[in-house]
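**Q** please find the sequence and the predicted model below.
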Amino acid sequence: MSWIWVLDALLLMLGVLALRAAWGCVTQSRLIRSLKKSSIAGAAEGPSLVEGTLVPWEEGIETPEGGMPCAYWRAQLDGRRASRARQRGGLDHLGEAASEASLLRLRDASGECLVAVSEAELQVPDKTYIIPPARFMAEQSRWQAIFPRIEALDLRMFTDGFRVVEQSIPPDTPVFVIGSMQDLPADASRKHPSGRLLRRGTADLCELVISIVPPNQLGNRLFLKSLLYAVVGLASLVTSLALALGMLVM
């Protein structure tokens, strides 16, 4: 009977975490809906919504597999096991990587500011590529430079090849950036051209989001996501309560 109490505790934990995630999505959705778009120069300190284009620090940045020019990219590498193994376990996550710059410049007609892109949630479409095992092994040194973790793995087990999922922001593409605007102190030694920084907030609980989707659509997505989390959380808590009552009655 002890395993039932373990299951009950897991359901209770799942319910609490799901409801917490639902509340976080609701809070972020309400914040996004309340923000009015402002220029970079006119944005006050604190939660801000700015539309502009991201400028990379250097030219020639391309996505690892797609080879698309971009201001910033992120990628995830998964190994595809043989068909029989795939039925048991599916894909193995082999690592994540991103372009080197942790800061990008955001530019609009009023000026520029910095964006802590390494802290951001990217609301951009994913692009998925399947790489045959022979080609991946032939380019193994290049992939190891991007995903250092795979150097310690036996890549021969992934006989169905590999999958790369990329997110990228093309240069000169208009984006909406939601984050906490900060005025950086004057520092003559700083190489960056701006005294303002958009990053993830702490006191105001403002996440940093870079999106090609308009803010109203993004707010709607977060609200629907909160409903899903709430359904999962309530279902888990109700099941946990029913199990606990059943065990106490027995």
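**A** Good, I have the coordinates.
**Q** now do stretch 163-179, average pLDDT.
**A** For stretch 163-179, mean pLDDT is 91.
**Q** with stretch 50-59 instead?
**A** Stretch 50-59 shows an average pLDDT of 86 in the prediction.
**Q** and the end-to-end length of it?
**A** For stretch 50-59, the first-to-last residue distance is 24 Å (C-alpha to C-alpha, to the nearest Å).
**Q** relative to residue 97, how far out is residue 166?
**A** Here residue 166 is placed at a distance of 10 Å from residue 97 (C-beta to C-beta, to the nearest Å). To be clear about C-beta, it is placed using only N, CA and C from the backbone, and glycine gets the same treatment.
**Q** need the overlap of contacts for these two.
**A** Counting by C-beta atoms under 8 Å, 6 or more residues apart in numbering, the contacts common to residue 166 and residue 97 are 64, 74-75.
**Q** does residue 119 really touch residue 200, like I thought?
**A** Yes - the pair residue 119 / residue 200 is scored as a contact, 4.6 Å apart, by C-beta atoms under 8 Å.
**Q** and those two? Which one has more around it.
**A** Neighbour count, other C-beta atoms under 10 Å: between residue 119 and residue 200, residue 200 has more, with 17 against 14.
**Q** the longest helix anywhere in the chain - what's its average pLDDT?
**A** What stands out as the longest helix in the chain, according to DSSP state H, is helix 215-249. Mean pLDDT, computed over helix 215-249, is 81.
**Q** ok, back up a step: who touches both of residue 119 and residue 200?
**A** The overlap between the contact sets of residue 119 and residue 200 (C-beta under 8 Å, 6+ apart) consists of residue 208.
**Q** between the shared contacts of residue 166 and residue 97, which is closest to residue 31?
**A** Using C-beta to C-beta, residue 74 is the member of the shared contacts of residue 166 and residue 97 that lies nearest residue 31, at 23.7 Å.
**Q** just give me the neighbour total for the closest one.
**A** Counted with other C-beta under 10 Å, residues neighbouring residue 74 total 21.
**Q** what's near enough to touch it?
**A** 96-99, 122, 166-168.
**Q** buried members of those into ChimeraX, please.
**A** In ChimeraX, this line selects whichever of these come out buried by 16 or more other C-beta atoms under 10 Å:
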select :97,99,122,166,167,168
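**Q** which one of the contacts of residue 74 sits closest to residue 243?
**A** residue 96 (36.8 Å).
**Q** the closest residue to that closest one other than its chain neighbours sits in which helix or strand?
**A** If the residues on either side of it in the chain are set aside, residue 96 comes closest to residue 76, at 5.1 Å by C-beta to C-beta, 6 or more residues apart in numbering. Element membership for residue 76 (DSSP states H and E) is strand 72-80.
**Q** what of residue 105?
**A** Short version, using DSSP H and E: residue 105 is in strand 104-108.
**Q** neighbouring contacts of that strand?
**A** Applying C-beta under 8 Å, 6+ apart, the contact partners of strand 104-108 are 39-40, 50-57, 71-72, 112-115, 117, 175, 177, 192-194, 198.
**Q** alpha carbons of that strand, as PDB, please.
**A** Extracted C-alpha coordinates of strand 104-108, given in PDB (Å, rounded to 0.1, in the frame of the first residue of the first chain):
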ATOM      1  CA  LEU A 104      22.400  42.300 -28.800                       C
ATOM      2  CA  ARG A 105      21.600  45.800 -29.800                       C
ATOM      3  CA  LEU A 106      17.900  46.700 -30.300                       C
ATOM      4  CA  ARG A 107      17.400  49.600 -32.600                       C
ATOM      5  CA  ASP A 108      14.400  51.800 -33.500                       C
END
